[in-house]
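# Can you look at this prediction? I've put the sequence above it.
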Amino acid sequence: MLVKQISVFLENKEGRVAQVTQILSESDINIRALSIADTTEFGILRLIVDKPELAEKALKADGFTVSITEVIAVSIKDEPGGLAKALKMLHDDKISVEYIYAFISKTSHKANVILRVEECERAIESLETGGFLVLKASEVYDI
């Protein structure tokens, strides 16, 4: 159920994200979701890709600082309050969410989000008990 997320440390310089995406393209790696958090000097690019281990290897070979983190992908109803309900369940179960970002699927009527939480297994159990669909890694990589 856990999805492997690639995190890339980037200096805040022109063209760095373009360089990362070019390396992935040349390695025939497809990006499924991404998020970037930055400061004036550096950023962290978080990526869900279809071949995480190959992405890590290709980016490291080009000198990037890369790590793999396990995250949860959850599909929720695409309606007002859908995300709020999922986050409230986690909060009620005292599961802290470190960060969150959305991604698009090829189907409609669902919103998909990536969650980085402290306790993945408890979060999965909580979400599934609440009726949410936690996506398998293979489902996310194939989107």
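Received the coordinates, thanks.

# low-confidence ranges in this protein?
Within the chain, the stretches with pLDDT under 70 are 106-108.

# Give me the outermost residue of it relative to its centroid.
In the chain, the greatest distance from the average C-alpha position (Cα atoms, centre = their mean) is reached by E14, at 23.7 Å.

# how about the helices of this protein, start to end?
Under the criterion DSSP state H, helices of the chain are mapped to 16-26, 52-61, 82-92, 120-129, 137-141.

# Show me what counts as buried in the first one.
Using 16 or more other Cβ atoms under 10 Å as the burial criterion, the residues of helix 16-26 that qualify are 16-17, 20, 23-24. From N, CA and C alone the C-beta is placed, and that goes for glycine too.

# follow-up on the earlier one: what's near enough to touch the residue farthest from the centre of the chain?
Neighbouring residues of E14 by Cβ atoms under 8 Å, 6 or more residues apart in numbering: there are none.

# now the longest strand seen in the chain: how far from the chain's centre is it?
If each strand of the chain is counted by residues according to DSSP state E, the longest one is strand 65-77. Between the centre of strand 65-77 and the centre of its host chain there is 3 Å, according to Cα atoms, centre = their mean, to the nearest Å.

# same deal with stretch 122-141?
13 Å.

# Buried residues in it, which are they?
123-124, 126-127, 132, 134-135, 137, 139-141.

# what do you get for stretch 57-67?
Buried, per 16+ other Cβ under 10 Å, within stretch 57-67: 58-59, 64, 66.

# thinking again about what came up before, quick check: the residue farthest from the centre of the chain vs K94, distance?
43 Å (Cβ to Cβ, to the nearest Å).

# check contacts around Q19.
Contacts of Q19 (Cβ under 8 Å, 6+ apart): D62.

# Go ahead and confirm A73 touches A111.
No: between A73 and A111 there is no contact under Cβ atoms under 8 Å: 11.3 Å.

# Between these two, which has more neighbouring residues?
Counted by other Cβ atoms under 10 Å, A73 and A111 do not tie: A73 has more neighbours, with 26 against 17.

# Please name the bridge partners of the more buried one.
Here A73 sits in beta bridges with I114, going by DSSP bridges.

# can you pull the contacts of it?
3, 48, 103, 112-115, 134-135, 137, 139-140.
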